[in-house]
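Engineer: Task: produce atomic coordinates for the following.
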Amino acid sequence: MGSSRNLTLYVDFFSQPSRAVIIFCRVNEIEADVHLVSLRKKESRQPPFLAINPLGQVPAIDDGGFTLSESHTIMRYLAATRKVADHWYPEDLEKRACVDRVLDWHLGNLRRGVAPYVVHRELAPLLGRTKNPTLAAEAEACLKQSLMTMETVWLKDSPFFAGGSQPSIADISSACELQQLKLLDKEESGALLAPYEKVKAWMVAVEEFTAPYFVEVHGELEKLAKILQDRRKSEAEGEVETAPKL
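Structural biologist: Numbering: from 1, shown residues only. The predicted structure follows:
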């Protein structure tokens, strides 16, 4: 089903869920105005945005006056209201339930591992916070368990999640989450992913299937990753640099 209503996306390109929604729209040629909301500048907590999403979180959408938040819900809604290929969010209820199962798992596992791990290993000073080694260790354990689940359960018998031969919205969401590891030292992120051959192949497959949008949408993240890598190199060589700004 198509829609003639004007769609606006409220996003921050440093937000993993925001990137997933943007990629989904671009891959499926869903026309939308993109409105940037800077989390660093706390724009999501200002009255204009709170009128769109009272929870103060991105992404959010305004679809002809209908506002909605939560990235997984947004992609489900767009799959139902726009013309997209069935593999993204299948009409078949059993196949759809398999996608929903992975989406629900993602929030309580992969995201609970990746986000705090990257923050407390790398990003905390940039966000005006103090690194917490205890939280980093807890998140690392959750991340490693999540990667094992991806390797041995979700990707055991198929190249994409939910048993599909083509990606679903669950694949986009989790791939954007895992891409956040690029902000870590390359050796550290490489060591984390090294044991998981299916996960690494899956990441490549998601990027290729969504080309060129996956790479384009992660452009700002790649720039920050390069800045952080150069800063680590300078520090190792005894040079002092100020912390980069998000």
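Engineer: Any idea how far the lowest-mean-pLDDT helix or strand in the chain is from the middle of the chain?
Structural biologist: Least confident helix or strand of the chain, by mean pLDDT, DSSP states H and E, is helix 219-236 with a mean of 91. On the basis of CA atoms, centre = their mean, to the nearest Å, helix 219-236 sits 19 Å off its chain's mean C-alpha point.
Engineer: What are the structural domain limits within this protein?
Structural biologist: Per the record, the chain has its domains at 7-84, 88-236, by automatic domain parsing.
Engineer: could these go into a markdown table alongside mean neighbour count?
Structural biologist: Every C-beta, even on glycine, is put in place using the N, C-alpha and C of the backbone. Listed next are the domains of the chain as a markdown table, based on neighbours: other CB atoms under 10 Å:
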| stretch | mean neighbour count |
| --- | --- |
| domain 7-84 | 18 |
| domain 88-236 | 17 |
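Engineer: Quick check: which element contains Val34?
Structural biologist: Assigned by DSSP states H and E, Val34 falls within strand 33-36.
Engineer: For that strand, enumerate the helices and strands it packs against.
Structural biologist: Contacting strand 33-36 under the criterion 3 or more CB pairs under 8 Å, 6 or more residues apart in numbering; DSSP states H and E are the following elements: strand 7-11.
Engineer: who does the strand it packs on touch, helix- and strand-wise?
Structural biologist: For strand 7-11, the packing partners by 3+ CB pairs under 8 Å, 6+ apart come out as helix 16-27, strand 33-36, strand 60-63.
Engineer: what pLDDT, on average, does it get?
Structural biologist: When pLDDT is averaged over strand 7-11, the result is 98.
Engineer: Restricting to C-alpha, output that strand in CSV.
Structural biologist: Provided in CSV are the C-alpha atoms of strand 7-11 (Å, rounded to 0.1, in the frame of the first residue of the first chain):
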residue,chain,number,x,y,z
LEU,A,7,6.7,12.0,5.9
THR,A,8,9.3,13.7,8.1
LEU,A,9,12.0,11.8,9.9
TYR,A,10,13.5,13.2,13.1
VAL,A,11,17.0,11.7,13.5
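Engineer: got the contact list for that strand?
Structural biologist: With contact meaning CB atoms under 8 Å, 6 or more residues apart in numbering, strand 7-11 is reached by 18-19, 21-22, 25, 30-37, 49, 52-53, 58-64.
Engineer: What of stretch 132-150?
Structural biologist: Stretch 132-150 is contacted by residues 105, 109-110, 112-117, 120-121, 124, 174, 192-193, 195-196, 198-199, 202 when judged by CB under 8 Å, 6+ apart.
Engineer: Repeat that for stretch 195-205.
Structural biologist: The contact list for stretch 195-205, computed with CB under 8 Å, 6+ apart, reads 147-148, 150-151, 155-156, 159-160, 167, 171, 175, 178-179, 193.
Engineer: Since that was my last question, I'll sign off now.
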